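> Got a sequence here, can you model it:
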Amino acid sequence: MEMMIDFPGGARVDAHFGKFTVQTDQPPAASAPTPFALFLSSIGTCAGIYVLGFCQQRGLPTEGIHIVQRVHSDPFSGMVSNIDLEIQVPPTFPEKYLPSLIRSAELCAVKKHLEKPPTFDVTTKISLPA
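Have a look, this model is predicted:
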């Protein structure tokens, strides 16, 4: 997959891939999430895709299901030290599926990539004018 990153003005930085554009911005006049907030939201939404799929495959209603994501940072380094995902289900949700619901959320591809991160190669290239 290739993404094109550009700078549309101010503190905005956008990513373009396929038919999508993901906008990011920085405070104080942020008109979109910061890149890091977007990154963090990808963890919970990815887990949500797996929870949704689990429920849909079994014909279980998803009404009233929420995932609460809590991010804990090390006060000295400011780095994220722990991420909690709490799957909240309504009282009518079948209890027998709770452990499987957790296992489905743990299949999240974003989570798996964080557990075994890729390497990064950052280079520069002089591009010729179009």
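> Against Lys96, how distant is Gly78?
The spacing between Gly78 and Lys96, counted by CB to CB, to the nearest Å, is 41 Å. All C-beta atoms are positioned from the backbone trio N, CA, C, and that covers glycine.
> Likewise for Ala15?
41 Å.
> Just want to know which of the two has more residues nearby.
A count of neighbours by other CB atoms under 10 Å puts Ala15 above the other of Ala15 and Lys96, at 15 against 7.
> Quickly list what the more buried one is bridged to.
Per DSSP bridges, residues listed as beta-bridge partners of Ala15: Ile5, Val22.
> Need the CA coordinates for the longest helix along the chain. CSV is fine.
Across the chain, the longest stretch assigned as helix under DSSP state H is helix 35-58. Coordinates of each C-alpha in helix 35-58 appear next as CSV, following Å, rounded to 0.1, in the frame of the first residue of the first chain:
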residue,chain,number,x,y,z
PRO,A,35,-2.0,12.2,13.9
PHE,A,36,-1.3,10.6,17.3
ALA,A,37,-5.0,10.7,18.3
LEU,A,38,-5.9,9.2,15.0
PHE,A,39,-3.3,6.5,15.6
LEU,A,40,-4.8,5.7,19.0
SER,A,41,-8.4,5.7,17.7
SER,A,42,-7.3,3.1,15.1
ILE,A,43,-6.7,0.6,18.0
GLY,A,44,-10.2,0.9,19.4
THR,A,45,-11.9,1.0,16.0
CYS,A,46,-10.0,-2.0,14.8
ALA,A,47,-11.0,-4.0,17.9
GLY,A,48,-14.6,-2.7,17.2
ILE,A,49,-14.5,-4.2,13.7
TYR,A,50,-13.7,-7.6,15.2
VAL,A,51,-16.4,-7.3,17.9
LEU,A,52,-18.9,-6.2,15.3
GLY,A,53,-18.0,-9.2,13.0
PHE,A,54,-18.2,-11.6,16.0
CYS,A,55,-21.7,-10.4,16.8
GLN,A,56,-22.9,-10.3,13.2
GLN,A,57,-21.7,-13.9,12.5
ARG,A,58,-23.8,-15.1,15.5
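> Check which element follows it along the chain.
Toward the C-terminus, helix 35-58 is succeeded by strand 66-73 as the next helix or strand (DSSP states H and E).
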